[in-house]
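J.: could you work out the structure for the sequence below:
(chains A and B)
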Amino acid sequence: MQVWVNTDTMQNVGDLAVELEKEVKANADKRLKAFIIFINPSSESKDALTRNLEKLAADRKLDKVALAYLSGPNDSALPDYQIVPDAKLKNVVFVYKDKQVDSKLVSLVADSKGLKALDGAIDNVVKGDTAARP
Amino acid sequence: MMKRTMGVLALALVAGVAWGGFGMSRAFEPPSKTGLEKGQHLPPFSPQHVTGADRGTTTCPV
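T.: Numbers count the residues shown, from 1 in each chain, chains lettered A, B, ... in the order given. Alright, predicted model coming up:
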């Protein structure tokens, strides 16, 4: 999975990350991977971003979920992924297999409804597939 | 004749305001179609990894 973070809060991202950590551990035999990609809409410095992401990983005890960032809203990856970094866009979640999108969730909130949707999307990919590589 | 002209102008004005209003509300809505859709392939990219197995690199996650 990939979670692209735009203007989301660290609280919501952290809650999503914990859920992803749980899913990756539960599906270790399915080679499930999770990345959280910070778009960095305000073009924060590398040092500040690195500190914030390291803190998030430590606070949420993230071991399996990887955190990474882009240079900012003008990074060439955004048009490639057809992501418009509108301020109202909190995040975009891609659940995929074999480099092909299976589900997309936009501005996902880590409440019971949102996490259920996320778990369902992951289940769709890993269910009965021992070679899943989302 | 004058009344009819005024009526047409008023109608045009209302329509113009409505059109502009809808246009503005669309402009401030979040993008309804953002991100690759189901079935599309993920292109390679190079984020800076801070944690995880690829920490310190720009390895493509895909």
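J.: so where's chain B uncertain?
T.: Scanning chain B for pLDDT under 70 picks out B:1-32.
J.: the residue of it found nearest chain A - how many residues pack around it?
T.: Using C-beta to the nearest C-beta, the single residue of chain B nearest to chain A is B:Gly52, 2.6 Å away. Every C-beta, even on glycine, is put in place using the N, C-alpha and C of the backbone. Per other C-beta atoms under 10 Å in any protein chain shown, the neighbour tally for B:Gly52 reads 22.
J.: what sits up against stretch A:54-62?
T.: Applying C-beta atoms under 8 Å, 6 or more residues apart in numbering or on different chains, the external contacts of stretch A:54-62 come out as A:Met10, A:Val13, A:Gly14, A:Ala17, A:Val18, A:Glu21, A:Val65, A:Leu67, B:Val50, B:Thr51.
J.: out of these, who's the most crowded?
T.: Greatest neighbour count in the contacts of stretch A:54-62, by other C-beta under 10 Å, goes to A:Leu67: 29 neighbours.
J.: could you check which helix or strand contains that one?
T.: Using DSSP states H and E, A:Leu67 sits in strand A:66-69.
J.: same question, A:Leu105
T.: Going by DSSP H and E, A:Leu105 is in strand A:100-106.
J.: list the buried residues of that strand.
T.: Across strand A:100-106, burial judged by 16 or more other C-beta atoms under 10 Å in any protein chain shown covers A:Val101, A:Asp102, A:Ser103, A:Lys104, A:Leu105, A:Val106.
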